[in-house]
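*Asks:* predicted model follows, preceded by the sequence.
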Amino acid sequence: MLQRTICRHVLIALTLAVTIAGQATADAKDKLKADDQRVLTYLLGDWGKDYSVTSVDIALRAVRVKDTDETRFRIGSYIKAHPELHEVIRRWGWVTLALTPDEKLIARALVNAERDGKPTPSIGEIAKAIGIAEDQAKRSLSILERYEIIRRNPSRGGAGFNVITRYLKWEPRLDFLFHQVTLADGRQFNTN
């Protein structure tokens with residue numbers, strides 16, 4: 001009986017520790033830096049204007065914040081966690097807003113290959129098809145993995161990734177389609 005009580009208390013303590021640690025991680029992930037907030041403010045004001053579905057990379061340029069993978073990932077993760085911020089997020093999905101054009105093209109190529117039962121393209125084939133360097137293709141694959149759009153699977157061959165099932169099943173993959181528009185005044189935005 002004493003052993004069972006001790007085990008129960010240990011289990012409760014472990015559950016509480018995991019819950020607290022998870023909440024601390026979520027709280028830290030949910031915080032934006034001042035520059036990130038400027039980008040988000042820009043996006044909230046731009047989305048829906050002229051049918052805009054502006055992505056984070058374009059907003060970074062618009063407010064002159066350095067475009068890094070970490071900054072884009074932080075802002076994209078925030079948008080993913082907060083669909084209540086704007087109808088554009090709920091309508092078009094966080095992927096549309098968080099990924100760069102190259103990342104969308106790579107995701108689309110991987111989705112199409114896997115869905116159609118074709119071999120996964122190699123990193124070199126991806127880079128050539130999209131017109132980017134192989135190191136940029138690797139960085140883009142890393143971002144797609146961090147966003148949980150793809151999962152590393154060396155047995156898959158090619159670039160060594162599987163597409164997460166939910167991205168294979170959605171039809172059509174509008175998240176990975178985009179059109180970039182540049183107006184005469186220099187304003188850029190995406191539409192779908």
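*Replies:* That came through, no problem. A quick note: this is a predicted structure, and the numbers were derived from the prediction, not measured.
*Asks:* isn't there a strand covering Asn162?
*Replies:* Yes - counting by DSSP: H, G, I helix; E, B strand; the rest coil, one finds Asn162 located in a strand.
*Asks:* what about the residue nearest to it when sequence neighbours are not counted, distance to Ala113?
*Replies:* Distances taken as C-beta to C-beta, 6 or more residues apart in numbering put Asn153 closest to Asn162, at 4.4 Å, once the chain neighbours are dropped. C-beta coordinates here come from the backbone N, C-alpha and C atoms, glycine included. Counting by C-beta to C-beta, to the nearest Å, the gap from Asn153 to Ala113 is 13 Å.
*Asks:* which of those two has more residues huddled nearby?
*Replies:* Ala113 (19 against 13; other C-beta atoms under 10 Å).
*Asks:* pretty sure the residue nearest to Asn162 contacts Val163?
*Replies:* No - in this structure, Asn153 is not within contact of Val163 by C-beta atoms under 8 Å, at 9.8 Å.
*Asks:* over to the residue nearest to Asn162: give its phi and psi.
*Replies:* phi -150, psi 90 (degrees, to the nearest 10).
*Asks:* spit out the contact partners of it.
*Replies:* 160-162 (C-beta atoms under 8 Å, 6 or more residues apart in numbering).
*Asks:* could I get those as JSON lines with distance to Ile126?
*Replies:* Output for the contacts of Asn153, formatted as JSON lines (distance: C-beta to C-beta, whole Å):
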{"residue": "Gly160", "distance to Ile126": "11"}
{"residue": "Phe161", "distance to Ile126": "10"}
{"residue": "Asn162", "distance to Ile126": "15"}
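*Asks:* domains for this protein, by residue range?
*Replies:* With domains defined by automatic domain parsing, the chain comprises 1-30, 34-97, 101-174.
*Asks:* now these as a markdown table including distance to Phe189 and mean pLDDT?
*Replies:* Converted to a markdown table, the domains of the chain look like this (distance: least, C-beta to C-beta, whole Å; pLDDT from 0 to 100):
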| stretch | distance to Phe189 | mean pLDDT |
| --- | --- | --- |
| domain 1-30 | 26 | 43 |
| domain 34-97 | 4 | 92 |
| domain 101-174 | 13 | 88 |
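*Asks:* adding distance to Gln188, write these out as CSV.
*Replies:* Formatted as CSV, the domains of the chain follow (distance: least, C-beta to C-beta, whole Å):
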stretch, distance to Gln188
domain 1-30, 28
domain 34-97, 5
domain 101-174, 11
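*Asks:* OK, contacts around the residue nearest the centre of the chain?
*Replies:* In the chain, the C-alpha nearest the mean C-alpha coordinate belongs to Tyr147, at 4.5 Å (C-alpha atoms, centre = their mean). Residues counted as contacts of Tyr147 (C-beta under 8 Å, 6+ apart) are 73, 76-77, 80, 95, 98-99.
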